[in-house]
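In: Structure, please.
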Amino acid sequence: MSSFRKALKSRQKNHHERSQPGFRKHLGLLEKKKDYKLRADDYHKKQNTLAALRKKALDKNPDEFYYKMINSQLQDGVHVDKKDQVEVTEEQKKVMRTQDIKYVEMKRVAEAKKIERLKGELHLLDAENKQKNKHTFFLDTKKEVASFDLAKQLNTAPELVDRVYNRPSLNTLETKSIQGATDRHSITKLARQRRHQYKILSQRVDREKKMFVISQKIQTRKDLQDKTKKVKVKKETPNAAAIYKFETKRKR
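Out: Numbers count the residues shown, from 1 in each chain. This next block holds a predicted model:
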């Protein structure tokens, strides 16, 4: 039991390293073991690095060559790759701007043609923002109003009453074969496809507007290269190019 009491942690005193004596305060803090350990590890790390570099220098082939030797330079002790000096004249910049405008305009015109073709196919008959049409029927008595049948009045099938277009009459349905005219599943499928087409149309319209803004911004930058005296009238925004007022010059 006596040995257990001696080994008991709660009965032992905490060990404290001695502090710097008063008459040595002018020498600074007294180095502890953890401080010495950090200093020693740093010293050995530097010695190992120097030994590895010395060995690498001894083993190096004197005839060795690689392009980093001439394509890099030393800046603040760090090897930095030399940047290629690409000289572009003002005339070349103007040609590049012109080519950019032509490419963007070509893509914008292609989008505009696709938009017109989609509008021709869809006719925008049931677009969301389109104003709803009204069809008013006039009856003589309240009894006729109570017994009013819209399908009978329009002479069509009850499944086609909700359609605003392509609503054939009963005579047409009897004489001609119209596939999927009264099939509810087919009607739902066609409506889903039509909504998808409207979504594609909306995306193409937004894309065409963005390309128009890009072409305007490129043209503005091209004009700024040609003309020196200018006054900014309106700042550039994500949806519009900047507007400048240039000094008028008489052409000779």
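
In: roughly how far is stretch 75-86 from the heart of the chain?
Out: 32 Å (Cα atoms, centre = their mean, to the nearest Å).

In: can you check stretch 134-142 too?
Out: Centroid separation between stretch 134-142 and its chain, computed with Cα atoms, centre = their mean, is 54 Å.

In: quick one: terminal-to-terminal distance for that stretch?
Out: 21 Å (Cα to Cα, to the nearest Å).

In: would you list every one of the strands in the stretch 151-252 of the chain?
Out: Using DSSP state E, counting those that start in this stretch, the strands of the stretch 151-252 of the chain run over 230-234, 243-246.

In: Any chance of CSV for these, columns mean pLDDT and distance to S10?
Out: (Glycine included, C-beta is placed from N, CA and C.) What follows is the strands of the stretch 151-252 of the chain, written out as CSV (pLDDT from 0 to 100; distance: least, Cβ to Cβ, whole Å):
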stretch, mean pLDDT, distance to S10
strand 230-234, 75, 80
strand 243-246, 80, 83
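
In: which of these sits most buried?
Out: strand 243-246 (a mean of 13; mean count of other Cβ atoms under 10 Å).

In: quick one: contacts of it?
Out: T220, D223, L224, K227, K229, K230, V231, K232, V233, K234 (Cβ atoms under 8 Å, 6 or more residues apart in numbering).

In: Could you pull up the residues touching the closest residue to the first one other than its chain neighbours?
Out: If you skip the residues right next to it in sequence, T220 has A241 as its closest partner in space, 4.9 Å away by Cβ to Cβ, 6 or more residues apart in numbering. Residues counted as contacts of A241 (Cβ under 8 Å, 6+ apart) are V213, Q216, K217, Q219, T220.

In: The same query, at a cut-off of 7 Å, please.
Out: A241 is in contact with V213, Q216, K217, T220, counting by Cβ atoms under 7 Å, 6 or more residues apart in numbering.

In: Name the residues of whichever strand or helix holds Q99 that come out as buried.
Out: Using DSSP states H and E, Q99 maps to helix 90-122. For helix 90-122, a neighbour-count test (16 or more other Cβ atoms under 10 Å) marks R97, D100, I101, V104, E105, R108, E111, I115, L118 as buried.
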